[in-house]
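A.B. asks: Sequence and predicted structure below; questions after.
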2 protein chains.
Amino acid sequence: MLHPPKSKTLNKFLQFLSGATLMTRLSHLKVRLTHSQRQIYTLLSQTDGAMTAQAIYQRFQTQQKSMGLATVYRALRTLQIKGLVQARAQPNGEWVYTLTTEDRHYLTCLNCGASIPVEECPVHAFEEKLAQTSQFQVFYHTLEFFGLCAPCTQRLGS
Amino acid sequence: MLHPPKSKTLNKFLQFLSGATLMTRLSHLKVRLTHSQRQIYTLLSQTDGAMTAQAIYQRFQTQQKSMGLATVYRALRTLQIKGLVQARAQPNGEWVYTLTTEDRHYLTCLNCGASIPVEECPVHAFEEKLAQTSQFQVFYHTLEFFGLCAPCTQRLGS
DNA sequence: TAAATAATGATTATCATTCTCACTTTATCG
DNA sequence: CGATAAAGTGAGAATGATAATCATTATTTA
């Protein structure tokens, strides 16, 4: 049984969700978010681009009510398991976090680490099919092309 | 760790390459590999599945001629820039390395970290088109679906 | 309201990865 | 060839992001 979301934050966030994955994500919404989780979710929704856990921590340090570093990591993990937030590893090893509604297709340079978002994506239909045919509950996917960007190709000679 | 065994020799490896990306990778094969790089390449070609840098280091420790840890990391980075080796971040933060000929499509559970290879892939054509229309030199791509595996979905109640 | 449960924060611990620097090997070129 | 430059290597230390600990506080549940 599904409890309908009641808070305004959740309603706003629902506007982001669409399509077949909506139901799977909704099933997780009945679990209330803690204060910290909601704060982080709100921050990510207001931020252009991705943030590292450390950056999120720093941001809350500058506010009246700070948030412990451990809480940031715990909340991010919980938000991921709820399907609301995704993590992506950068070549330098740091993880960046975004809402699962953000861009998630990149050209990533193996040399300088630059990540260029790709607009097009041929796999949304595949994702839905996969979610139906496998027991796996798909929240989001990442399609990443690795190689060398033009400047680095030139710089390295080849 | 979770990859099915694949073919290993350089000749066989070349069979996997096709179309536009073949030339770009061949251009890198001309560059000589150092002794360490070749050793790591050979090890990966003889290993089923992916290895962490630490595991590679350990493996060479047990042999007569050991290899420094820094060298392992340096060689892996160089092999990546040459387009011969790919790295993939696991949810626990560790990186695993495989030849760029291995499977690279997964269902990854956000809770337990299990990665299940997916055979099908709808983006190979897209990759070639992308390599031609962008200045980016594509070595390989990763298509990863994140969510919860069946056991974890049940375990977490939902 | 009281007891049970979950979340939090300050701190410490962990550990994969990178850096440093002295040394060795390989490449370049007169 | 030899000399010199350039690149690669290894041992160990430093880095830094993330996880673990544990006492305390907030939130649910009955």
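C.D. replies: Noted; the coordinates are in hand.
A.B. asks: how about the helices of chain A, start to end?
C.D. replies: Under the criterion DSSP state H, helices of chain A are mapped to A:8-14, A:21-29, A:35-46, A:53-61, A:69-81, A:124-133, A:150-155.
A.B. asks: now those as a markdown table including distance to DNA strand D and mean neighbour count?
C.D. replies: Where C-beta positions appear, they are placed from N, C-alpha and C, glycine not excepted. Listed next are the helices of chain A as a markdown table, based on distance: least, CB to the nearest atom of the strand, whole Å; neighbours: other CB atoms under 10 Å in any protein chain shown:
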| stretch | distance to DNA strand D | mean neighbour count |
| --- | --- | --- |
| helix A:8-14 | 13 | 14 |
| helix A:21-29 | 14 | 16 |
| helix A:35-46 | 6 | 17 |
| helix A:53-61 | 4 | 16 |
| helix A:69-81 | 3 | 18 |
| helix A:124-133 | 25 | 15 |
| helix A:150-155 | 12 | 14 |
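A.B. asks: For the ones you listed, give me TSV that also has distance to B:H105 and mean pLDDT.
C.D. replies: Conversion of the helices of chain A to TSV gives the following (distance: least, CB to CB, whole Å; pLDDT from 0 to 100):
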stretch	distance to B:H105	mean pLDDT
helix A:8-14	29	34
helix A:21-29	18	44
helix A:35-46	27	95
helix A:53-61	27	96
helix A:69-81	20	96
helix A:124-133	10	84
helix A:150-155	26	82
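A.B. asks: A:S36 and A:A75 touch, don't they?
C.D. replies: Yes. Using CB atoms under 8 Å, A:S36 is in contact with A:A75, at 4.7 Å.
A.B. asks: With just CA atoms, put stretch A:35-42 into PDB.
C.D. replies: Backbone C-alpha positions of stretch A:35-42 (Å, rounded to 0.1, in the frame of the first residue of the first chain) are rendered in PDB as follows:
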ATOM      1  CA  HIS A  35      15.700  16.400   8.100                       C
ATOM      2  CA  SER A  36      19.200  15.900   6.900                       C
ATOM      3  CA  GLN A  37      18.200  13.900   3.900                       C
ATOM      4  CA  ARG A  38      15.600  16.500   2.900                       C
ATOM      5  CA  GLN A  39      18.100  19.300   3.300                       C
ATOM      6  CA  ILE A  40      20.600  17.500   1.100                       C
ATOM      7  CA  TYR A  41      17.900  16.700  -1.400                       C
ATOM      8  CA  THR A  42      16.800  20.300  -1.500                       C
END
